[in-house]
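Visitor: Generate a structure from the sequence data that follows.
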Amino acid sequence: MIPWNHGKRLPTIPGRCKGQIVILCYTLLFYSVTCVDVEPQKEIYVPNYNVYHNLTRIGKEVEYLLKFPNYVKVYTHHKSRQNRQQYLLHISNFTKHSEKFDNLVEKPRILFSFGEHAREFLPVESAIYFIRNLTGGLLPDVDGFSRQFTQQILSLVDLYIILMANPDGRHHVEKTKNYCWRGTSTGVDLDRNFEWEFGGKGSSSDTEDEEYRGKDPFSEPESLVFQEITSDVSFDAFFSFHSGINHIYIPYSDTKSRQLKRVPDNIQEMLRLAAQLSRSTKYKYRFGTSHQLINYTADGTIFDYMAGIQKIPFSFTVELWGKQHQGMSCFDLFNPKSDELQKVVSNLHPLYINIIRYLSEWKSRNIAKMTNPYSERPSMVLGYMLLGITASVSAMICLHRKFRNCPKIYTHQRIVSLKTLSSSFPAKNL
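Guide: Residues are numbered from 1 along each chain as shown. I've put the predicted structure just below:
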């Protein structure tokens with residue numbers, strides 16, 4: 001999500017730049033940096049494709065998942081402008097024995113998105129690691145711990161994953177070795193191409209700018225998978241994963257929302273989840289509403305669209321990883337060295353597990369409230385009914401004793417106990 005130069009330390013300005021001239025110098029320097037932000041630079045290190053997955057190896061990972069038809073569905077009809085697959089995955093327990101359980105306790109429906117920005121390899125690698133661990137427990141010769149882990153997670157979630165949202169952009173990076181390239185094949189920033197506050201100053205109409213938003217909302221074929229899947233499925237949560245810094249963003253990030261101080265309806269619950277995720281890995285994340293956490297706005301983003309238009313209760317952008325960065329290189333800003341990759345994705349793994357467990361508990365609480373609005377406190381209705389009936393009967397008996405000449409209400413006078421009286425009424429929520 002972050003632009004190329006976010007958080008970059010600017011070089012020292014010469015002493016002759018004073019007062020207003022200093023401001024002008026910084027402004028010129030800023031634009032001189034951003035005007036080449038999609039051009040290739042001299043990199044400190046580049047990916048080793050025996051470790052990192054290129055597009056071909058990502059496709060093979062998806063083919064591997066086809067061996068688990070009872071737990072993984074792969075949809076390949078969502079494609080990019082250049083006809084490359086975006087790989088929409090649906091992971092859940094589709095076996096018949098799970099239907100009864102799923103009807104009793106509905107699982108949270110969660111949508112994960114990876115690979116929106118071409119130069120950010122790490123999020124896709126973390127997704128592959130997570131999916132491999134999740135499906136590892138389905139293998140016939142797997143150990144008991146792995147099988148238990150898989151069964152537990154699949155019992156908690158109905159998970160959809162867009163594994164490679166921008167395959168054309170990734171192809172461009174692999175072909176040209178321009179590791180600063182962020183957009184699609186036409187240079188559009190996919191994360192500025194959505195209809196929520198589209199066209200604001202937190203994006204660009206310049207085709208040479210890395211935050212080029214495109215001509216219209218959803219002008220890019222790559223955006224349509226998000227629109228279509230959220231129209232078909234009622235999601236509880238959406239997560240857009242990126243890299244470049246350790247931040248968790250809550251909507252809204254657009255210019256107008258910053259002016260209005262607009263926040264989602266579910267802001268407190270989202271903050272609680274963000275706080276838990278911020279300490280779920282060894283990477284300590286800063287979190288908060290996007291327009292408060294960073295000093296720039298972003299218009300037309302995917303996670304704002306999910307919150308503002310689709311009304312998904314939880315919508316986040318998560319910047320998984322970042323490092324102190326100086327210089328003009330790009331790959332090292334968004335991705336670890338190849339020999340450090342496995343350690344990083346392993347460290348990120350608990351974040352996904354915490355997302356699933358938190359939202360599963362949240363969904364269970366909400367279903368309990370919908371099915372029984374008094375589930376969190378004892379119902380007093382029956383108690384008041386019994387008390388009223390007892391009082392009425394007692395009054396009638398007292399009156400009957402006082403006025404001996406009135407007709408007898410009961411053949412035998414006796415005290416009616418609350419226990420006896422209550423046995424005539426069905427017990428409920430006592």
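
Visitor: those helices in the stretch 301-430 of the chain, which residues are they?
Guide: 302-308, 331-334, 341-371, 381-402, 418-422 (DSSP state H, counting those that start in this stretch).

Visitor: Quickly, which of those helices bottoms out on average pLDDT?
Guide: Lowest mean pLDDT within the helices of the stretch 301-430 of the chain: helix 418-422, a mean of 31.

Visitor: buried ones in stretch 55-64?
Guide: 55, 58-59, 61-62 (16 or more other C-beta atoms under 10 Å). In short, each C-beta sits where N, CA and C put it, glycine included.

Visitor: Take stretch 307-318, keep the C-alpha atoms, and write them as PDB.
Guide: Taking C-alpha atoms only, stretch 307-318 is exported to PDB below (Å, rounded to 0.1, in the frame of the first residue of the first chain):
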ATOM      1  CA  ALA A 307     -15.700  -1.400   4.400                       C
ATOM      2  CA  GLY A 308     -17.600   1.500   2.800                       C
ATOM      3  CA  ILE A 309     -19.400  -0.100  -0.100                       C
ATOM      4  CA  GLN A 310     -19.600  -3.800   0.700                       C
ATOM      5  CA  LYS A 311     -20.100  -3.200   4.400                       C
ATOM      6  CA  ILE A 312     -17.900  -6.000   5.500                       C
ATOM      7  CA  PRO A 313     -17.600  -5.800   9.300                       C
ATOM      8  CA  PHE A 314     -13.800  -6.200   9.400                       C
ATOM      9  CA  SER A 315     -11.600  -4.800   6.700                       C
ATOM     10  CA  PHE A 316      -7.800  -4.400   7.100                       C
ATOM     11  CA  THR A 317      -4.700  -3.700   5.100                       C
ATOM     12  CA  VAL A 318      -1.700  -5.400   6.800                       C
END
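
Visitor: Give me the residues contacting that stretch.
Guide: With contact meaning C-beta atoms under 8 Å, 6 or more residues apart in numbering, stretch 307-318 is reached by 1, 111, 194-197, 230, 235-242, 247-253, 264, 266, 269-270, 273-274, 277, 285, 290, 301-304, 306, 351, 359.

Visitor: Selecting buried members of the residues you listed in PyMOL, what would you type?
Guide: With 16+ other C-beta under 10 Å as the criterion, this PyMOL line picks the buried residues out of those:
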select buried, resi 1+111+194+195+196+197+230+235+236+237+238+239+240+241+242+247+248+249+250+251+252+253+264+266+270+273+274+277+285+290+301+302+303+304+306+351+359
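
Visitor: Looking at the buried residues of stretch 55-64, which are in helices?
Guide: Among the buried residues of stretch 55-64, DSSP state H puts 55, 58-59, 61-62 in helices.

Visitor: mind checking how far the host helix or strand of Gln259 is from the chain centre?
Guide: Taking DSSP states H and E as the criterion, Gln259 maps to helix 255-260. Remark: helix 255-260 is offset 22 Å from the chain centroid, using C-alpha atoms, centre = their mean, to the nearest Å.

Visitor: quick revisit: kindly reformat the ones in helices among the buried residues of stretch 55-64 as CSV containing distance to Thr184 and pLDDT.
Guide: CSV is the format used below for those (distance: C-beta to C-beta, whole Å; pLDDT from 0 to 100):
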residue, distance to Thr184, pLDDT
Leu55, 14, 98
Ile58, 17, 98
Gly59, 19, 98
Glu61, 22, 97
Val62, 20, 98
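
Visitor: Can you list the buried residues in the helix holding Gln259?
Guide: Neighbour counts over helix 255-260 (16+ other C-beta under 10 Å) mark 255, 257-258 as buried.

Visitor: and which of the residues you listed is nearest Tyr71?
Guide: Nearest to Tyr71 among the buried residues of helix 255-260 is Ser257, at 38.9 Å by C-beta to C-beta.

Visitor: doesn't Trp196 make contact with the closest one?
Guide: No: when contacts are counted by C-beta atoms under 8 Å, Ser257 is not listed as touching Trp196 (9.2 Å).

Visitor: Residues that sit against both of these two, list them.
Guide: By C-beta under 8 Å, 6+ apart, Ser257 and Trp196 have these common neighbours: Asp304.

Visitor: so where's the stretch 1-150 of the chain uncertain?
Guide: 1-37, 96-105 (pLDDT under 70).

Visitor: cutoff 90 now
Guide: Within the stretch 1-150 of the chain, the stretches with pLDDT under 90 are 1-40, 94-106, 142-146, 149.

Visitor: for the stretch 201-350 of the chain, same thing?
Guide: For the stretch 201-350 of the chain (pLDDT under 90), the answer is 291-292, 294-296, 323-328.

Visitor: ok, 50 please
Guide: Filtered on pLDDT under 50, the stretch 201-350 of the chain yields no residues whatsoever.

Visitor: where exactly do the strands run in it?
Guide: Under the criterion DSSP state E, counting those that start in this stretch, the stretch 201-350 of the chain carries strands at the ranges 237-242, 247-250, 286-289, 314-319.

Visitor: what's the angle between the first one and strand 314-319?
Guide: I take that to be strand 237-242. Relative orientation of strand 237-242 with respect to strand 314-319: 10 degrees, computed using axes from the mean of the first three to the mean of the last three C-alpha atoms, to 10 degrees.

Visitor: how about the buried residues of helix 255-260 in a markdown table, adding distance to Gln152?
Guide: A markdown table is the format used below for the buried residues of helix 255-260 (distance: C-beta to C-beta, whole Å):
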| residue | distance to Gln152 |
| --- | --- |
| Thr255 | 43 |
| Ser257 | 38 |
| Arg258 | 41 |
